[in-house]
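> Below are the sequence and a predicted model for it; my questions follow.
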Amino acid sequence: METAKIKNAPALAAVIATLLVGWYFWGPAGGKLTVLNEGNFSEFVQQFDGAANDERVLLLLSPT
């Protein structure tokens, strides 16, 4: 009986990890991702400053 619990532990961990990643990207924020460029920078600044009491996440990626 003990080996059955141990055998299922990695599968359970994978399911939990998948659910957490899904919630992180598509949960309460609803998947609102925006590509920041010169055309929408002023709108971004207004939205970012306007959400001072909310959670704000900014992800910067570099091609190098």
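It's in.
> So for the top helix by length along the chain, what gets flagged as buried?
Counting residues, the longest helix found in the chain (DSSP state H) is helix 2-26. Neighbour-count burial for helix 2-26, counted by 16 or more other C-beta atoms under 10 Å, picks out no residue. Backbone N, C-alpha and C define where each C-beta goes, glycine included.
> Pull the distance from the following helix or strand past it to the chain's centre.
Helices and strands here follow DSSP states H and E; after helix 2-26, the next one along the chain is helix 41-50. Distance, stretch centre to chain centre, for helix 41-50: 20 Å (C-alpha atoms, centre = their mean, to the nearest Å).
> Tell me the buried residues in helix 41-50?
Within helix 41-50, no residue qualifies as buried by neighbour count (16+ other C-beta under 10 Å).
> Which strands or helices does it pack on?
The contact analysis (3 or more C-beta pairs under 8 Å, 6 or more residues apart in numbering; DSSP states H and E) places helix 41-50 against no helix or strand.
> For the longest helix of the chain, which helices and strands make contact with it?
Partner elements for helix 2-26 (3+ C-beta pairs under 8 Å, 6+ apart): none found.
> From residue 24, how far out is residue 6?
28 Å (C-beta to C-beta, to the nearest Å).
> Check residue 18 too.
From residue 18 to residue 24 the distance is 11 Å (C-beta to C-beta).
> Same question for residue 7.
Relative to residue 24, and taking C-beta to C-beta, residue 7 is found at 28 Å.
> Next: residue 12.
Noted for residue 12: a distance of 19 Å to residue 24, by C-beta to C-beta.
> Help me confirm that residue 56 comes into contact with residue 49.
No - assessed by C-beta atoms under 8 Å, residue 56 is found out of contact with residue 49, at 9.5 Å.
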